[in-house]
Structures are given as structure tokens and as C-alpha cells.
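[1] got a predicted model here, sequence first, then my questions.
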Amino acid sequence: MELPIKRSLYDELPLEMLAGFYYFISLNIDKGILSDAMHFEIKLIEDIAKTRGIPLDELYELGSSLVKKENEKQG
């Protein structure tokens with residue numbers, strides 16, 4: 001039996017956490033806050049999303065809604 005190859009920690013994350021990372025990193029790259037190394041992280045997340053059959057726009061929207069909900073909890 002062949003086991004799937006794990007490329008990164010992102011492979012093991014549940015969808016909600018993956019979406020949250022994707023949104024947060026994307027947002028900060030757009031703002032110029034994070035380094036170019038984050039582009040590598042985004043690519044890893046995008047590859048995993050594609051493997052799971054999740055469109056990137058849906059991943060971004062899910063991440064956005066999760067972060068918004070968390071921010072509302074914190075007041």
C-alpha cells in the first residue's frame with residue numbers, strides 16, 4: 001500500500017485553518033507587510049487547495065469570513 005506524500009504542514013490542516021492561512025498571508029502580501037518568502041507559502045497552499053478540489057476564490061472567501069468572525073468575537 002502506497003501512502004500519500006506529505007509536502008508540508010499545510011497538507012495536514014483542516015480546510016478552515018488552510019483558508020485562514022491563505023487569507024491572512026494573501027492580505028499581508030497585498031499590503032506589503034510580509035516578505036517575498038510568503039509567496040512560497042501561498043504557492044504551497046494553492047497547490048494543496050487544487051489537490052483537494054477547492055477553488056482559490058472559495059478558499060479566500062472562507063478565510064475572510066472566518067477571520068471576520070474571530071475579530072468580532074474579540075470585540
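    That came in fine, so what should we check first?
[2] where does the residue nearest the centre of the chain sit: helix, strand or coil?
    The centroid of the chain falls nearest to residue 22 when counting by CA atoms, centre = their mean (2.4 Å). Of the three states, residue 22 takes helix under DSSP: H, G, I helix; E, B strand; the rest coil.
[3] ok, it - contacts?
    By CB atoms under 8 Å, 6 or more residues apart in numbering, the contact set of residue 22 is 42, 45-46, 49, 56, 59-60, 63. Bear in mind the C-beta positions are built from the backbone N, C-alpha and C, glycine included.
[4] same question for residue 52.
    residue 15.
[5] switch the cut-off to 10 Å
    11, 15, 18, 59 (CB atoms under 10 Å, 6 or more residues apart in numbering).
[6] what does residue 21 give?
    9-10, 13, 41-42, 44-45, 59, 63.
[7] which one of the contacts of residue 52 sits closest to residue 35?
    Looking at the contacts of residue 52 and their distance to residue 35, the nearest is residue 18, at 20.6 Å (CB to CB).
[8] any chance of TSV for the contacts of residue 21, columns distance to residue 33?
    Putting these into TSV (distance: CB to CB, whole Å) gives the following:
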residue	distance to residue 33
9	21
10	20
13	22
41	13
42	14
44	19
45	17
59	20
63	16
